[in-house]
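Asks: Could you work out the structure for the sequence below:
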Amino acid sequence: MERALGHLASDAPRQPQDPSRPATGAARVLSLQRAAGNAAVVRLLSRRPAVAAGHEVPWRGKVSTRYNAALRRGPKKDPDDPYANIAADVPQGTEVLVLGEERGWLRVEVVLETTKRTGYISHELITYTGPGKPTVPEPIDPTQPLDLSALTPRHAFVVLKRAENRRATMPDWKPSPGEKHEIDFAIDVLERYAYIVDHATFVVSFGPPATTSKVQVETIEDFILFVEAVERQYPDATVGEIAGELRQIWFGGHNWEALLNSPGVSVGGKAADIEHEPDPIARRFDITALKTKGHKLATALGEVDISHVLAGIDAAINGAALDPGAADADAYLKWKTLHAADAGDPRDFVTWSGDIGQAYAEYISTRYVEDRKGAKLKTFIDQKVSPAQLLGDIHGYVAMKVWQNTPPAVRTAWFTAGMNATVSDVLRTLYLVDKKGTPGAATYRSLFEQVSGRSGGAMDRFIVDRSLAFARPWYAKVAASARGKVGTVWHGGSVDDATLLQDLMSEFDANHADNERSAAPEDRLSAIINSFMPMLAGSVE
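Replies: Here you go, the predicted model:
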């Protein structure tokens, strides 16, 4: 019986009860089960009215529970084998389309990981949110007066991208009067901001440069258009190649090659170079300005260092570098060291744990190797982990998960269009699309838990452990440089070099332990972690 009780609670969240009051809801059902058995519970549930009774089907709802809801193949749950007909788990907050009701169960349609699924969910887990089928937002009513302030460039870009994708999917599509009114309004908004809009295809592009010979990328909308320009310039490139090419605008070199399997775009066996002329992208855009000042961009989610976002997207798409083989001893030593440190998953190394670990390692080297006892950790935090960098790290770490969690029609896709990720669509989904009411809108902590596969205290320990895992080899690099031995740690690959590397990482462990014992609280690793953890309370909407 206790086994059955545990499984019953997985379909209906348990609520705390005042023992002095009669049991209600899930608690009443559990009480009844103890007193009268499973048959009575089944009869009770079959008589209970559905949530939002009286609403015409289909209607929209969302999963309202602290836990995942079970999507079942049929409108029943066998108390003796409660997992028997579960087809999938549906995360809290997921939007569903309710198609009908059977015996106290709601028959629903839901998109999970871009796949449409149909099944049954216990009715008390679904909250009514509105009528009809969830697709694109309702078009503006053409009979109502319009105010240009009602549609920002952010929203105008989304309206026109949806129209562009729909037109590309169905060339003979004609917008309804309401849709046309909304599209015309969006075109008007963007043309007032000096963008160019093709009125037939709804493609948005940059207007002529205002003051220089090259386009300046100054806003998040500009940056997404810039990414689209790269994608259009190299239509045969994979999403991974585009991500790698963009990341290399800011981050490249042998260490990155040892971390990521993303060489970038190549044409005819020759690597593209979008940073320098005669490449068409370099001719059109001021890449130098983008590298030096244009990577900090204001977004609806806060100011971010977009270079850190791209690093995270690149790692999520392309994954860890492949074993280069022992023939190149230098490359092999780097790869072996970093592969062991990141356990084959570089996503946090190229984002938050890399920045936290780098700042901490450089502080430890300064204090212990250079013997500057007055060194303050805050100096390195300010240099390496500014709020814009850390927020960019967070966004880079979760961007692909946000894209995956957001239903295609809520992104900017239309039916099958956009089912496969592009870098521009991942960024647009993160920064421009209104994801409220979908699984794409979640706290950073929730998204971190999904990406890392850890929750609660285990995730807190993961953040500390991964930051230290990056700090160890980085300390070896900077400590060797401080002692004039930089050429022997990462280069040459001899047995002596590998031994020195291990010795320096062990030295870091000892210095870290001493710092934890002797340093002021603001100079311990927890000082960085404590500035980072509150940021995870923010959310993506």
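
Asks: Is it correct that V98 is in contact with K62?
Replies: No: counting by CB atoms under 8 Å, V98 does not reach K62; the two are 10.4 Å apart. All C-beta spots, glycine's among them, are computed from the backbone N, C-alpha and C.

Asks: shared neighbours of those two, anything?
Replies: Among the neighbours of V98, those also in contact with K62 (CB atoms under 8 Å, 6 or more residues apart in numbering) are I126.

Asks: Can you point out the buried residues in the longest helix anywhere in the chain?
Replies: Ordering each helix of the chain by length in residues (DSSP state H) puts helix 456-482 first. Of all the residues in helix 456-482, those buried under the rule 16 or more other CB atoms under 10 Å are 459, 462-463, 466-480, 482.

Asks: Stretch 119-136 now?
Replies: If you call a residue buried by 16+ other CB under 10 Å, then stretch 119-136 has these buried ones: G119, Y120, I121, S122, H123, E124, L125, I126, Y128, T129, P134, V136.

Asks: same deal with stretch 322-332?
Replies: Those buried within stretch 322-332 under the rule 16+ other CB under 10 Å are P324, A329, D330, A331, Y332.

Asks: Of those residues, just say which sits nearest to T379.
Replies: Among those, D330 lies closest to T379 (CB to CB), at 31.7 Å.

Asks: now that closest one: how far from F251?
Replies: Distance, D330 to F251, by CB to CB, to the nearest Å: 19 Å.

Asks: what's the answer for A331, then?
Replies: In this view, A331 and F251 are 17 Å apart by CB to CB.

Asks: same deal with N405?
Replies: From N405 to F251 the distance is 27 Å (CB to CB).

Asks: can you list contacts of the particular helix or strand that has S531 in it?
Replies: S531 is part of helix 525-532, with elements assigned from DSSP states H and E. For helix 525-532, the external contacting residues (CB under 8 Å, 6+ apart) are 352, 356, 359-360, 377-378, 381, 385, 390, 463-464, 467-468, 512, 515-516, 521.

Asks: Output the lowest mean pLDDT helix or strand found in this structure.
Replies: Among the helices and strands of the chain, helix 2-11 carries the lowest confidence by mean pLDDT, DSSP states H and E, at a mean of 36.

Asks: Counting neighbours, what do you get for the nearest residue to E541 once chain neighbours are set aside?
Replies: Sequence neighbours aside, A441 is the residue nearest to E541 in space, at 4.5 Å (criterion: CB to CB, 6 or more residues apart in numbering). By other CB atoms under 10 Å, the residues close to A441 number 19.

Asks: Just to check, A441 is in contact with V540?
Replies: Yes: the criterion here is CB under 8 Å, and A441 meets it with V540 at 5.9 Å.

Asks: Overlap in contacts, those two.
Replies: Each of K435 lies in contact with both A441 and V540 under the rule CB under 8 Å, 6+ apart.

Asks: circling back to that earlier point, who's more crowded, N405 and F251?
Replies: Neighbour count, other CB under 10 Å: between N405 and F251, N405 has more, with 27 against 17.

Asks: And the residue nearest to that one when sequence neighbours are not counted, its phi and psi?
Replies: Excluding the flanking residues, the one nearest N405 by CB to CB, 6+ apart is P439, at 4.0 Å. The phi and psi values for P439, taken as degrees, to the nearest 10, are phi -60, psi -20.

Asks: Report pLDDT for P439.
Replies: Confidence at P439, expressed as pLDDT, is 92.

Asks: That one against T94, yeah?
Replies: Yes: if you go by CB under 8 Å, P439 and T94 touch, sitting 4.8 Å apart.

Asks: export the helix holding S531 as CSV, just CAs?
Replies: Only the C-alpha atoms of helix 525-532 are listed here, as CSV (Å, rounded to 0.1, in the frame of the first residue of the first chain):
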residue,chain,number,x,y,z
LEU,A,525,36.6,31.3,-3.4
SER,A,526,33.2,31.7,-1.8
ALA,A,527,33.4,35.5,-2.4
ILE,A,528,33.1,34.9,-6.1
ILE,A,529,30.6,32.1,-5.7
ASN,A,530,28.5,34.2,-3.5
SER,A,531,28.4,37.0,-6.1
PHE,A,532,27.4,34.5,-8.7
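
Asks: Can you list the low-confidence ranges for the chain?
Replies: Applying pLDDT under 70 to the chain flags residues 1-55, 113-114, 132-151, 210-212, 293-294, 414-419, 485-496.

Asks: Can I get stretch 429-441 in PDB, CA atoms only?
Replies: These are the backbone C-alpha positions of stretch 429-441, laid out as PDB (Å, rounded to 0.1, in the frame of the first residue of the first chain):
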ATOM      1  CA  THR A 429      14.500  33.100 -28.800                       C
ATOM      2  CA  LEU A 430      16.600  34.000 -25.800                       C
ATOM      3  CA  TYR A 431      16.500  37.800 -26.200                       C
ATOM      4  CA  LEU A 432      13.500  38.900 -28.400                       C
ATOM      5  CA  VAL A 433      10.700  36.300 -28.100                       C
ATOM      6  CA  ASP A 434       8.100  36.500 -25.300                       C
ATOM      7  CA  LYS A 435       8.300  33.000 -23.800                       C
ATOM      8  CA  LYS A 436       6.000  33.600 -20.800                       C
ATOM      9  CA  GLY A 437       3.800  30.600 -20.100                       C
ATOM     10  CA  THR A 438       6.100  28.100 -21.900                       C
ATOM     11  CA  PRO A 439       8.900  25.900 -20.500                       C
ATOM     12  CA  GLY A 440      11.300  28.300 -22.200                       C
ATOM     13  CA  ALA A 441      10.500  30.900 -19.500                       C
END
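
Asks: hang on, S205 in a helix?
Replies: No: going by DSSP: H, G, I helix; E, B strand; the rest coil, the assignment for S205 is strand, not a helix.

Asks: now the spatially closest residue to it that is not a sequence neighbour: how far from F223?
Replies: With sequence-adjacent residues excluded and distances taken as CB to CB, 6+ apart, S205 is closest to I196, at 4.9 Å. Per CB to CB, I196 is found 17 Å from F223.

Asks: Look at the two and report which has more neighbours.
Replies: F223 (23 against 12).

Asks: Need the nearest residue in space to that one, chain neighbours excluded.
Replies: V217 (5.4 Å).

Asks: Report how many residues lie close to that neighbour.
Replies: For V217, the neighbour count with other CB under 10 Å is 24.

Asks: you'd agree it is in a helix?
Replies: No: applying three-state DSSP, one finds V217 to be coil, outside a helix.
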